[in-house]
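Asks: here's my sequence, what's the structure:
(chains A and B)
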Amino acid sequence: MTQTGGLTVALSQIVIQLLEGLGVSVQIFAITLLFSLPLGLVIAFGRMSKNGTISGLTKVYISIMRGTPLMLQLFVVYYGPYYLFNLKLNPTYRNSAVYIGFIINYAAYFAEIYRSGIQSMPVGQYEAADILGYSRAQTFFRIILPQVIKRILPSVTNEVITLVKDTSLAFSISVMEMFTKAKALSSSQTSMTPLIVAGVFYYVFNFIVALIMDKAEKKLDYYK
Amino acid sequence: MIKFEDVGKKYPNGYEGLKHINLEIEQGEFVAIIGLSGAGKSTLIRTINRMHDVTSGSLTVDGTDVMSLSGRSLRRFRRKIGMIFQSFNLITRTTVIKNVLTAFVPDMPWHRSLFGIYNENEKMKALEALDKVGILEKAFVRADQLSGGQQQRVALARTLAQNPQIILADEPVAALDPVTANQVMDDFKRINQDMKISILINIHHVDLALKYCTRVIGIRAGEIVYDGPSDKVDKEILDKIYMGGQEEEV
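Replies: This is a model prediction of the structure:
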């Protein structure tokens, strides 16, 4: 076996293994967005609630989510049931723990983005909706939210890009996503290559995300 | 008919915004409300569609006690009363026609209102409303591309699309230059005469008020100090409306 032939085989194996891991990373990414975006809106409502208890509780929740490391939160979600309540959970709970950890963390960030957007809407928009006889739901979904989405899209893009990179934190509880695989391959082959290939994959992933979000921003900014 | 009977509005901090207001406004009148800033013009106009609550007396519109309304009945009541604001309050990032179409949302079935699907009839009515205020050719332009006067006309078209009996206008020309202000006032006058819609307008420009409106209500410190035809307004009356408050303080 020649030196170059061996390298090619090694590289293709690395790519295949990392692509498998990338599948898991994309899954974490997609499920987190799917649930944290709507949950964030609910939390934003809680944060803006006139009820002091609700707004106080959501404020504490957001503060904790933003003030502690996501890695630590993943540990708490994954090991918490056993350490705190002595619950022995199925090993597949590992994946659910990652989803739960990411969703509750990202929902907190999205909540603050929604809130900033909603509170930046001029009071005149609500007045105009009132005098047209809109209900509260109609006002929010037909007048406020569409304008808020246009305003907050750049901030959301930032968070989404961070999320792509944050999926690597699932490594900390040994979920077999791309970074975990890259780390394992790097150790077993005593090579830097798997990490570099993973880096390229993350970059391309984010490049595509940025491209899509840019398109969305342009599309929402029609007639300009 | 809009009827105020000894209406008062007291804020929680004890400040009286309106005191003993008695007024009757017949269908089809064109009324200007003038007075200093803070005299209660806005408050007066905004009690009619219950954007502000009154705290004493009774206020009825076509026999309906405004303070008895809430929720759905209030929303239905507000469909009959259009309102125009100083700052237009359009959705600036979308087209003129879509702004006018927003007027139909409350009467649409929920599945169409959820996705903003408008039918032919609604689109035609929106275009007609734009035609009435003379900006039909701007229908597919983004609202923030228009001048202030044009944006105020879009707001007027949106109000006309809801087919109101009364239009309340809160400083509609305060943000406009004199020429544009006259044009917008011409629109109001035409709408008042052609469609028999009652118009109540808060206005700082006394000259415009006297030129366009048939009836003037002067308000000072929450009280009506003049109520009569615009051609009877003279310097003495204007002094009473605008200067009296200051004299008392000196």
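
Asks: for chain B, name the helix or strand with the lowest mean pLDDT.
Replies: The helix or strand of chain B with the poorest confidence is helix B:244-249; it has a mean of 48 (mean pLDDT, DSSP states H and E).

Asks: briefly note if stretch B:32-42 comes near chain A.
Replies: No. Using CB under 8 Å from any CB of the partner chain, we find that stretch B:32-42 stays clear of chain A, coming within 11.5 Å at best. C-beta coordinates here come from the backbone N, C-alpha and C atoms, glycine included.

Asks: isn't residue A:97 up against residue A:173?
Replies: Yes. If you go by CB atoms under 8 Å, residue A:97 and residue A:173 touch, sitting 6.3 Å apart.

Asks: relative to residue A:96, how far out is the spatially most central residue of chain A?
Replies: Centroid-nearest residue in chain A: residue A:163, 4.2 Å away (criterion: CA atoms, centre = their mean). Using CB to CB, to the nearest Å, residue A:163 is found at 18 Å from residue A:96.

Asks: go on, residue B:144?
Replies: Going from residue B:144 to residue A:96 by CB to CB gives 46 Å.

Asks: okay, and the beta partners of residue B:10?
Replies: For residue B:10, the beta-bridge assignment (DSSP bridges) gives partners residue B:16.

Asks: would you tell me which helix is longest in the chain?
Replies: Picked chain A for this. In chain A, taking DSSP state H as the definition, the longest helix is helix A:3-48.

Asks: my question was about chain B, not that one.
Replies: What stands out as the longest helix in chain B, according to DSSP H, is helix B:178-195.

Asks: contact partners of the next helix-or-strand element following it?
Replies: Next helix or strand after helix B:178-195 toward the C-terminus (DSSP states H and E): strand B:198-202. For strand B:198-202, contacts defined as CB atoms under 8 Å, 6 or more residues apart in numbering or on different chains pick out B:2, B:25-34, B:41-42, B:45, B:48, B:165-172, B:188, B:191-192, B:209, B:213.

Asks: just the ones in strands from those, please.
Replies: B:2, B:25, B:30-34, B:166-170 (DSSP state E).

Asks: next one: whichever helix or strand residue A:77 is part of to chain centre, how far?
Replies: Under the criterion of DSSP H and E, residue A:77 resides in helix A:70-85. Relative to its chain's centre, helix A:70-85 lies at 19 Å (CA atoms, centre = their mean, to the nearest Å).

Asks: which positions in that helix come out as buried?
Replies: A:70, A:73-75, A:77-78 (16 or more other CB atoms under 10 Å in any protein chain shown).

Asks: same question for stretch B:196-215.
Replies: B:197-203, B:205-206, B:208-210, B:212-213, B:215.

Asks: out of those, who's nearest chain A?
Replies: Nearest to chain A out of these is residue B:200 (CB to the nearest CB; 13.3 Å).

Asks: who does the longest helix of chain A touch, helix- and strand-wise?
Replies: Where contact means 3 or more CB pairs under 8 Å, 6 or more residues apart in numbering or on different chains; DSSP states H and E, helix A:3-48 is packed against helix A:52-67, helix A:93-119, helix A:145-166, helix A:178-188, helix A:193-220.

Asks: let's have the ones you listed in JSON lines, adding distance to chain B and mean pLDDT.
Replies: Shown next, in JSON lines, are the helices and strands packed on helix A:3-48 (distance: least, CB to the nearest CB, whole Å; pLDDT from 0 to 100):
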{"stretch": "helix A:52-67", "distance to chain B": "19", "mean pLDDT": "95"}
{"stretch": "helix A:93-119", "distance to chain B": "13", "mean pLDDT": "94"}
{"stretch": "helix A:145-166", "distance to chain B": "6", "mean pLDDT": "92"}
{"stretch": "helix A:178-188", "distance to chain B": "38", "mean pLDDT": "91"}
{"stretch": "helix A:193-220", "distance to chain B": "8", "mean pLDDT": "92"}
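
Asks: between those helices, which gets nearest to residue B:98?
Replies: Closest approach to residue B:98 among the helices and strands packed on helix A:3-48 (CB to CB): helix A:145-166, 10.2 Å.

Asks: now for residue A:92, how many residues are close by?
Replies: 8 (other CB atoms under 10 Å in any protein chain shown).

Asks: do residue A:217 as well
Replies: 14.

Asks: pretty sure it contacts residue A:153?
Replies: Yes. Look at residue A:217 against residue A:153 with CB under 8 Å: they come within range, at 5.1 Å.

Asks: from the ones in strands among the contacts of strand B:198-202, which is closest to chain A?
Replies: Using CB to the nearest CB, these come closest to chain A at residue B:168, 8.2 Å.

Asks: which residues are in contact with the closest one?
Replies: B:45-46, B:48-49, B:81-84, B:200-201.

Asks: need the distance between the two termini of stretch B:95-113.
Replies: Taking CA to CA, to the nearest Å as the measure, stretch B:95-113 stretches 17 Å from start to finish.

Asks: for stretch B:160-168, same thing?
Replies: From its first residue to its last, stretch B:160-168 covers 12 Å (CA to CA).

Asks: from the chain's centroid, how far away is that stretch?
Replies: Centre-to-centre, stretch B:160-168 and its host chain are 9 Å apart (CA atoms, centre = their mean).

Asks: give the rounded mean pLDDT of it.
Replies: Across stretch B:160-168, the average pLDDT comes to 92.

Asks: how much space separates the nearest residue to residue B:50 once chain neighbours are set aside from chain A?
Replies: Spatially, and ignoring its direct neighbours in sequence, residue B:50 is nearest to residue B:66 (5.3 Å; CB to CB, 6 or more residues apart in numbering or on different chains). Separation of residue B:66 from chain A (CB to the nearest CB, to the nearest Å) stands at 14 Å.

Asks: what does chain B put close to chain A?
Replies: Close to chain A, as judged by CB under 8 Å from any CB, chain B has residues B:49, B:51, B:75-79, B:81-83, B:85, B:87-91, B:93-95, B:102-103, B:105-106, B:113-114, B:116, B:141-142, B:145, B:158, B:162.

Asks: and those residues, which are buried?
Replies: Buried members of these, scored by 16+ other CB under 10 Å, are B:49, B:51, B:75, B:77-79, B:81-83, B:85, B:87-91, B:93-95, B:102-103, B:105-106, B:113, B:141-142, B:158, B:162.

Asks: in strands only, show me these.
Replies: B:81-83, B:85.

Asks: helices of chain B, start to end?
Replies: B:41-48, B:71-78, B:96-101, B:110-115, B:120-132, B:148-161, B:178-195, B:206-212, B:235-242, B:244-249.

Asks: now the second one - C-alpha only, PDB.
Replies: Put plainly, it is helix B:71-78. Output of helix B:71-78 as PDB, limited to C-alpha atoms (Å, rounded to 0.1, in the frame of the first residue of the first chain):
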ATOM      1  CA  GLY B  71     -64.900  43.200  23.800                       C
ATOM      2  CA  ARG B  72     -66.700  42.200  20.700                       C
ATOM      3  CA  SER B  73     -69.500  44.900  20.900                       C
ATOM      4  CA  LEU B  74     -66.800  47.600  21.300                       C
ATOM      5  CA  ARG B  75     -64.900  46.200  18.200                       C
ATOM      6  CA  ARG B  76     -68.100  46.100  16.200                       C
ATOM      7  CA  PHE B  77     -68.900  49.700  17.300                       C
ATOM      8  CA  ARG B  78     -65.500  50.900  16.300                       C
END
